[in-house]
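Q: next come a sequence and a model predicted from it.
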Amino acid sequence: NSFVCLGVGVSMVSLVVWQTFSLNQKYGEHGLMKQAARKRHPKYLRHQRSPRQFIRYPKPKTILNEK
């Protein structure tokens, strides 16, 4: 049983190493991190404030009582 477990472990590790090298060859040294970052970032940014905040209304003129 221990030889079977050891064989499965070695084959899984070699599969992970082979897959890592093949992906590095395809995407480059930092390409996988760039692909993962691209998936995490939004495609566009939305502005959450309402358009009313951008409209400037004229301030009401105050009438001063002259003495």
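A: Ah, there it is.
Q: quick one: Val8 from His30, how far?
A: 32 Å (C-beta to C-beta, to the nearest Å). Every residue, glycine included, has its C-beta placed from N, CA and C.
Q: where does Val10 sit: helix, strand or coil?
A: Recorded secondary structure, Val10: helix (DSSP: H, G, I helix; E, B strand; the rest coil).
Q: pLDDT at it, what is it?
A: Looking at Val10, its pLDDT reads 97.
Q: what number of residues lie near it?
A: Neighbours of Val10 under the rule other C-beta atoms under 10 Å: 10.
Q: remind me which residues of the chain are low pLDDT?
A: By pLDDT under 70, the weakly predicted segments of the chain are 47, 49, 51, 53, 64-67.
Q: can we see that at 90?
A: Residue ranges of the chain with pLDDT under 90: 1, 20-67.
Q: where exactly do the strands run in it?
A: Under the criterion DSSP state E, the chain contains no strands.
Q: let me see the ranges of the helices in the chain.
A: With DSSP state H as the criterion, the chain has helices at 2-27, 31-40.
Q: adding distance to Pro60, write the ones you listed out as a markdown table.
A: Output for the helices of the chain, formatted as a markdown table (distance: least, C-beta to C-beta, whole Å):
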| stretch | distance to Pro60 |
| --- | --- |
| helix 2-27 | 61 |
| helix 31-40 | 48 |
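Q: quick one: which of the ones you listed is nearest Lys59?
A: For Lys59, the closest of these is helix 31-40, at 44.7 Å, according to C-beta to C-beta.
Q: check which residues of that closest one are buried.
A: Residues of helix 31-40 include none that count as buried (16 or more other C-beta atoms under 10 Å).
Q: report the inter-axis angle for it versus helix 2-27.
A: Going by axes from the mean of the first three to the mean of the last three C-alpha atoms, to 10 degrees, helix 31-40 is angled at 80 degrees with respect to helix 2-27.
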